[in-house]
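**Q** Sequence and predicted model, in that order:
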Amino acid sequence: MEREKLGSRMGFILLSAGCAIGIGNVWRFPYIAGMYGGGMFVLFYLFFLIIMGVPVMTMEFAVGRASRKSIIKSFSTLEKPGQKWHFHGYLGMAGNYLLMMFYTTVAGWMLYYFYQMLTGKFVGKDKDQVAGMFQGMLESPAVLLIVMVIVVAAGILICSLGLQQGVERITKVMMTLLLLIIVILAVRSITLPGGTEGLKFYLLPDAQRMREVGIPETITAAMNQSFFTLSLGIGSMAIFGSYIGKDHTLLGESMNIAVLDTFVAFVSGLIIFPACSAFGISPDMGPSLIFITLPNIFNHMAGGRVWGTLFFVFMTFAAFSTIIAVFENIISCGMDLFHWSRKKSCLINLIALTVLSTPCVFGFNIWSAFQPLGDGSTVLDLEDFIVSNVLLPVGALIYLLFCVTRYGWGFDNYLKETNTGDGMKVPKGIRVYVTYVLPVLLIFLILKGWIG
């Protein structure tokens, strides 16, 4: 059976960027940037994105493109006889499932809030009532279950239409709208009376703020964000590498994707800080920013219901672009491993992903007494911890070692694959850095995540 191919280079870039662009770009990046000295943090972030994130991304794409397989088979296709790198295929596969076990629930929240905004459910509510609405949603297993099932079914349906007709076509439309909506929202936010102060807080480098939280902490936070923003390590990028031709070098493509991902994270801050500043509300991080702080702001804003609806369309697309990308990886693994047809793999995974996503849903209500990581923690926190602190960074380290050591695929093979085609080339001189320095940086990140 011949492997499917993406129809266009733009499709590949938007799909890969869609996988990288997720909820963390919006609910984590602006807050952390503000906390760690604004522009100073952004400069460190860009530095680490170029020296850490992008090289590992080229490696994941190179393994995908050279093997023409999903993560489950890519290592066994490229490794030398008797080697054991292919075991990472199963680890990566587990990572994709585990990520979707909580991401589908959170995407469901976005969808539900879009519906709530659209139908005017927030109109006239005060701050406490808005907070109560979020709590009410979490405490209702029926609501969470319904929206989660809608998200899983929609994602699987899109993947079942095929790579070009479903995954690529829908993601292109969704990502184009996402980029358009985010710019419109940013312009609206910046032009709010009193928004300028928020803009200064976000963009002006503030060495004093950075010294207060600590320079090592700022550097580590920038490293962390720049690496995790790209969703590397579990093959959810490699899958799109396996669908493209050899016309363009992988460094150029990786840079394009990193730029798009950073653009969305950066512009999210242009929405959040001026809006918070205009209405005298302090910007928060995580779910409370999206589901409590921002709905409050939209309530005070002229035409807030329209702006709020647009915002939750954007958030739904950001979450959904990741879901389609990871679902495609999961479905492709079933096709590679068991030689299922696309339709069969979709049907089996529709059932599997729905069942696997229920613990996260129940973790907020029926099973809320189960607090795996201490007081107030949920099933979601546990699943997120395993993916973010174990599977992604350890997986990225495995991709790196596979590509740079003679015990794996080897640096020369990696370099040849990455530099095939037109565009920016990875210089041969990078060998010492990626073999001896980059692994140390990744091990530092892994240990920091475990100890922290």
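**A** Now that the structure is in, tell me what you want to look at. Residues are numbered from 1 along each chain as shown.

**Q** Only C-alpha atoms from now on, for both contacts and neighbour counts.
**A** Will do.

**Q** ok, and what's touching the one helix or strand Ala352 maps to?
**A** Assigned by DSSP states H and E, Ala352 belongs to helix 342-362. For helix 342-362, the external contacting residues (CA atoms under 8 Å, 6 or more residues apart in numbering) are 97, 100-102, 104-105, 141, 144-145, 148-149, 152-153, 156-157, 159-160, 162, 330-332, 334-335, 368, 378-380.

**Q** Let's see that with 7 Å instead.
**A** Outside of helix 342-362, the residues within contact range by CA atoms under 7 Å, 6 or more residues apart in numbering are 101-102, 105, 141, 144-145, 149, 152-153, 156, 160, 331, 334-335, 379-380.

**Q** Stretch 114-125 now?
**A** With contact meaning CA under 7 Å, 6+ apart, stretch 114-125 is reached by Asn299, Arg305, Gly308, Thr309, Phe312, Val313.

**Q** hmm, back to that, pull out the buried members of the contacts of helix 342-362.
**A** Neighbour-count burial (16 or more other CA atoms under 10 Å) applied to those gives 101-102, 105, 141, 144-145, 149, 152-153, 156, 160, 331, 334-335, 379-380.

**Q** So which residues of the stretch 51-200 of the chain form helices?
**A** 54-67, 71-78, 87-118, 127-138, 141-160, 169-190, 196-203 (DSSP state H, counting those that start in this stretch).

**Q** Only the buried residues of the fourth one, if you could.
**A** Read that as helix 127-138. Within helix 127-138, the residues that qualify as buried are Val130, Ala131, Met133, Phe134, Met137, Leu138, counting by 16+ other CA under 10 Å.

**Q** angle of it against helix 342-362?
**A** Helix 127-138 runs at 130 degrees relative to helix 342-362, counting by axes from the mean of the first three to the mean of the last three CA atoms, to 10 degrees.

**Q** re earlier: just the helices of the stretch 51-200 of the chain: most buried one?
**A** helix 54-67 (a mean of 26; mean count of other CA atoms under 10 Å).

**Q** and for that one, what are the contacting residues?
**A** The contact list for helix 54-67 (CA under 7 Å, 6+ apart) reads 70, 74, 77-78, 232, 235, 237-239, 241-242, 244, 250-251, 254-255, 396, 399-400, 403, 414, 417-418.

**Q** what's the average pLDDT for stretch 152-163?
**A** Averaging pLDDT along stretch 152-163 gives 97.

**Q** starting at the chain centroid, how far to it?
**A** Relative to its chain's centre, stretch 152-163 lies at 19 Å (CA atoms, centre = their mean, to the nearest Å).

**Q** Dump the C-alpha coordinates for it into PDB.
**A** What follows is stretch 152-163, C-alpha atoms only, in PDB (Å, rounded to 0.1, in the frame of the first residue of the first chain):
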ATOM      1  CA  VAL A 152     -13.100  13.000  19.700                       C
ATOM      2  CA  ALA A 153     -15.700  12.200  17.100                       C
ATOM      3  CA  ALA A 154     -15.000  15.400  15.100                       C
ATOM      4  CA  GLY A 155     -11.300  14.700  15.200                       C
ATOM      5  CA  ILE A 156     -11.600  11.100  14.100                       C
ATOM      6  CA  LEU A 157     -14.200  12.100  11.300                       C
ATOM      7  CA  ILE A 158     -11.700  14.600   9.800                       C
ATOM      8  CA  CYS A 159      -8.900  12.000   9.900                       C
ATOM      9  CA  SER A 160     -11.200   9.400   8.300                       C
ATOM     10  CA  LEU A 161     -11.700  11.600   5.200                       C
ATOM     11  CA  GLY A 162      -8.000  11.000   4.300                       C
ATOM     12  CA  LEU A 163      -4.800  12.900   4.600                       C
END
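
**Q** how about the strands of the stretch 201-350 of the chain, start to end?
**A** Assigned by DSSP state E, counting those that start in this stretch, the stretch 201-350 of the chain shows no strands.

**Q** now the helix or strand following the helix holding Ala352, how far from the centre of its chain.
**A** Moving toward the C-terminus from helix 342-362, the next helix or strand (DSSP H and E) is helix 379-385. Taking CA atoms, centre = their mean, one finds helix 379-385 lying 15 Å from the centre of the chain it belongs to.

**Q** One more: stretch 138-152?
**A** Chain-centre distance of stretch 138-152: 21 Å, with CA atoms, centre = their mean.

**Q** One more: stretch 17-28?
**A** Centroid displacement of stretch 17-28 relative to its chain, using CA atoms, centre = their mean, is 4 Å.

**Q** any idea how far Leu445 is from Ala238?
**A** Distance of Leu445 to Ala238, given as CA to CA, to the nearest Å: 22 Å.

**Q** go on, Pro372?
**A** 32 Å.

**Q** Which residue of the two possesses the greater neighbour count?
**A** The residue with more neighbours, out of Pro372 and Ala238, is Ala238; 29 against 14, by other CA atoms under 10 Å.

**Q** The more buried one: what's it in contact with?
**A** Ala238 makes contacts with Glu60, Phe61, Val63, Gly64, Ser70, as judged by CA under 7 Å, 6+ apart.

**Q** Could you report the neighbour count for Phe385?
**A** 15.

**Q** And for Phe47?
**A** Neighbours of Phe47 under the rule other CA under 10 Å: 15.

**Q** That one: what secondary structure?
**A** Classification of Phe47 using DSSP: H, G, I helix; E, B strand; the rest coil returns helix.

**Q** Can you check what pLDDT the model gives it?
**A** You'll see Phe47 listed with a pLDDT of 97.

**Q** What separation is there between it and Leu204?
**A** Distance, Phe47 to Leu204, by CA to CA: 17 Å.

**Q** Thr176 too?
**A** 29 Å.

**Q** re the thing from before, can you select the buried ones from the contacts of helix 54-67 in ChimeraX?
**A** A single ChimeraX command selects the buried members of the contacts of helix 54-67 (16+ other CA under 10 Å):
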select :70,74,78,232,235,237,238,239,241,242,244,250,251,254,255,396,399,400,403,414,417,418
